[in-house]
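Participant: sharing a model that was predicted from the sequence below.
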2 protein chains.
Amino acid sequence: MRVIAPTFVFAAAAFAGGCAQTESPEGALLIESQGAFAVGGQVSGDPAEASLHCDHGVVEYQIPPRARAVSLLMWHSASAVAWQRRWDGGEGFQSIFLRRGYPVYIWDGPRVGRANWGCVETTYTPNARADQQNFVAWRFGLTYPNWFDDVQFPKDDGEAWNQAMRARYQEFDSVANAQLESDAAAALADRIGPTVALTNSAGGLRALLTALKSDNIKGIVAYENVGWVYPEGEGPNVPEGRFGPVEVPQDEFRKLARVPIQVVWGDNIDASDVYRARLEESRRFVDIVNKYGGQAEVLLLPDAGLKGNTHLPFADLNNVAVADLLSEFLAKHGLDRR
Amino acid sequence: MRVIAPTFVFAAAAFAGGCAQTESPEGALLIESQGAFAVGGQVSGDPAEASLHCDHGVVEYQIPPRARAVSLLMWHSASAVAWQRRWDGGEGFQSIFLRRGYPVYIWDGPRVGRANWGCVETTYTPNARADQQNFVAWRFGLTYPNWFDDVQFPKDDGEAWNQAMRARYQEFDSVANAQLESDAAAALADRIGPTVALTNSAGGLRALLTALKSDNIKGIVAYENVGWVYPEGEGPNVPEGRFGPVEVPQDEFRKLARVPIQVVWGDNIDASDVYRARLEESRRFVDIVNKYGGQAEVLLLPDAGLKGNTHLPFADLNNVAVADLLSEFLAKHGLDRR
């Protein structure tokens, strides 16, 4: 008889709502090695007298046995938790892709989360309307609290809502910070070897900048990306905001043409002026990078038969189907080799 | 033939310095389920109009197959990373105790790390002398940069030093915050069931407060604890500082007598006035809780034959020997049952 400890009952049954997916068809996860470390950053001051190690990133890693050669670097703009669990408590992309043989890295960039010993003073100010803004920004519905009918979120599950609203931490959205984060991420990529960046929202701009700084970024799958890099003179000619745009010399920009890029969008885009514009902007970017010889594409999940996905498709109820599309992308570009 | 991916070579050989311990005698880690979630906290404002979920904690969990009944809750005051890796890159307590069959939870309390969406504004101010203060506070040596001869730290390994100096994040040391953190941790314990809190430094005060708020704290192993709870009138009669002391009514205090408590100290205590006083204070606490019928003890690692341990014995080079002593404690108190 199999003994089930109280905590396991909690994790698999009570918390995950008894969803079949939590019980892997393959049984237990196998981990060859795991841990965490800091990378990049500065040493401010004089180490002989008074100094501070700061502005590094912190990464957690898990490596399965007989791992594939290219790892996945999961880069949130919201929270690491969204890569670690589905909103209903089911497995997140972290575990799903470990089962599929990929080394998985989960990244807190400089000043973010567990890497918050920055070199400069920073202030956190609570956002009194965060819940309402999240609801709309994550496309749970067009207006709070009116859910889209087909949304891939367990909308009657109060605990799932509670988890989603607590699944963020301070982001530091500015181009200067995106550059700082990509400096540290490039140091990470140089250290861990070939990797594909999986990003969400503002994480995509950071990964694009990282691909300019390290040849080890072998692919970018940007879920609902906000913020783009353009060749000088070819950007949308708008003032720089929190998410760019960033213009770089053409020779720099050509580096992005070497990197397979997939920009993934969920459902109900048409309902939102903001997201229609973001989708259009992503098509414009894809056209430009492909004009330079790139391998970029836009994937609309509804076109692949997936309905109701939100701004964080990898945490949605149908995240296994979303994962299957990622596996296809990785295979198509030879990024699944062992 | 076993295929070793580049990333694994990095993790096991380059990063861990080829230490035999990284290669587990038992092969790959087995994980039945893993993930992360938020727990506790408040909802500020009016959810109908403008609200923010805040002041929760965030926990990562891993549960091995056929897990033991009592989990381990790893509660840093410095950084989760110190539970996840030894300074030389070898396995941390997280993996060591998963191999030994314990469910493992790694905790960021409210406002800390990945739980930094607090309900109030907070400011991070860089500490220009952090490296030098860490060196002394973590008892790498008596004065910076003069290492203790026998220190269980790879003192000639520049990368280990780099990792150690980046293995912290904002702590929010005050009694008010320790209460806030223990509120959320009590909600966690109520949710995950019986657990033993492993703490470091200021984490110990937080765990003691949590044991007053949840019956599921079944033991506390406090590595180099700073900050204590006393019965009213029996404290050291000093002003409340960042680490207490906290006085509570006798009836409250008696709850601690139900909890097996081990306070663990490393080596070279005698060399430091500060640490000699902290050791004495811990003996005083142990005497008081035992006077109330408790099961508390002080463990000096040198008395158990371990030399050179620092302020973070669980991350030291001999952390497997430190883990063995923890296993003994858990067995002695019946906390290792399946």
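Facilitator: Everything's here; your move.

Participant: list the contacts for the nearest residue to residue A:111 once chain neighbours are set aside?
Facilitator: Once flanking residues are discounted, residue A:111 sits nearest to residue A:118: 4.2 Å by CB to CB, 6 or more residues apart in numbering or on different chains. (Glycine included, C-beta is placed from N, CA and C.) Contact analysis of residue A:118 by CB atoms under 8 Å, 6 or more residues apart in numbering or on different chains lists A:54-55, A:110-111, B:124, B:126.

Participant: please repeat the previous calculation with a cut-off of 10 Å.
Facilitator: Counting by CB atoms under 10 Å, 6 or more residues apart in numbering or on different chains, residue A:118 makes contact with A:41-42, A:44, A:52, A:54-56, A:110-112, A:172, A:177, A:180, B:124-126, B:169-170.

Participant: cool, and residue A:95?
Facilitator: A:22, A:24, A:29, A:62, A:83-86, A:104, B:31, B:33-35.

Participant: can you check residue A:107 too?
Facilitator: Residues near residue A:107 by CB under 10 Å, 6+ apart: A:39, A:57-61, A:73-76, A:80, A:83, A:113-115, A:181, A:184-185, A:188, A:197-199, A:203, A:206-207.

Participant: sheet partners, orientation included, of the helix or strand containing it?
Facilitator: Using DSSP states H and E, residue A:107 falls within strand A:104-108. Applying DSSP bridges to the sheet, strand A:104-108 is found paired with strand A:57-63 (antiparallel), strand A:71-75 (parallel).

Participant: quick one on the thing from earlier: can you add distance to residue A:306 and neighbour count and give the contacts of residue A:95 back as CSV?
Facilitator: Putting the contacts of residue A:95 into CSV (distance: CB to CB, whole Å; neighbours: other CB atoms under 10 Å in any protein chain shown) gives the following:
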residue, distance to residue A:306, neighbour count
A:22, 21, 22
A:24, 22, 16
A:29, 25, 23
A:62, 27, 27
A:83, 19, 26
A:84, 21, 26
A:85, 20, 27
A:86, 15, 31
A:104, 22, 28
B:31, 28, 22
B:33, 25, 27
B:34, 25, 24
B:35, 23, 23
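
Participant: what is the end-to-end distance of stretch A:138-158?
Facilitator: Start-to-end span of stretch A:138-158 (CA to CA, to the nearest Å) is 17 Å.

Participant: just the buried positions in that stretch, please.
Facilitator: A:138-141, A:144, A:148, A:151-155 (16 or more other CB atoms under 10 Å in any protein chain shown).

Participant: do the same with stretch A:248-265
Facilitator: Applying a neighbour-count criterion of 16+ other CB under 10 Å, one finds A:248, A:253-257, A:259-265 buried in stretch A:248-265.

Participant: that older thread, could the strands paired with strand A:104-108 go into a markdown table alongside mean pLDDT and distance to residue B:165?
Facilitator: A markdown table is the format used below for the strands paired with strand A:104-108 (pLDDT from 0 to 100; distance: least, CB to CB, whole Å):
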| stretch | mean pLDDT | distance to residue B:165 |
| --- | --- | --- |
| strand A:57-63 | 98 | 13 |
| strand A:71-75 | 98 | 24 |
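
Participant: among the ones you listed, which comes closest to residue A:327?
Facilitator: strand A:71-75 (10.8 Å; CB to CB).

Participant: following element in sequence after the closest one, please.
Facilitator: Next along the chain after strand A:71-75, taking DSSP H and E as the criterion, comes helix A:81-84.

Participant: quick one: that following helix to chain centroid distance?
Facilitator: Computed by CA atoms, centre = their mean, to the nearest Å, the chain-centroid distance of helix A:81-84 equals 9 Å.

Participant: and residue A:52, what is it in contact with?
Facilitator: Residue A:52 is in contact with A:41-45, A:117-119, B:126-134, B:165-166, counting by CB under 10 Å, 6+ apart.

Participant: keep only those of those that are in strands.
Facilitator: Secondary structure from DSSP state E places A:42-45 of the contacts of residue A:52 in strands.

Participant: which of those residues are buried? Put it as a PyMOL command.
Facilitator: Only the buried entries of the ones in strands among the contacts of residue A:52 go into this PyMOL selection, using 16+ other CB under 10 Å:
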select buried, chain A and resi 42+43+44+45
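
Participant: quick check, nearest of the ones in strands among the contacts of residue A:52 to residue A:290?
Facilitator: residue A:42 (36.8 Å).

Participant: pLDDT value on the closest one, please?
Facilitator: In this model, residue A:42 is scored at 98, pLDDT.

Participant: ok, the closest residue to it other than its chain neighbours to residue B:126 distance?
Facilitator: Nearest residue to residue A:42, sequence neighbours excluded (CB to CB, 6+ apart): residue A:55, at 5.0 Å. Counting by CB to CB, to the nearest Å, the separation of residue A:55 from residue B:126 is 10 Å.

Participant: for residue A:114, same thing?
Facilitator: As judged by CB to CB, residue A:114 and residue B:126 stand 16 Å apart.

Participant: which one's more surrounded, those two?
Facilitator: Each of residue A:114 and residue B:126 has its neighbours counted (other CB atoms under 10 Å in any protein chain shown); residue A:114 has more, 28 against 16.

Participant: was I right to think residue A:308 contacts residue A:317?
Facilitator: Yes - using CB atoms under 10 Å, residue A:308 is in contact with residue A:317, at 8.1 Å.

Participant: fine, thanks again, bye for now.
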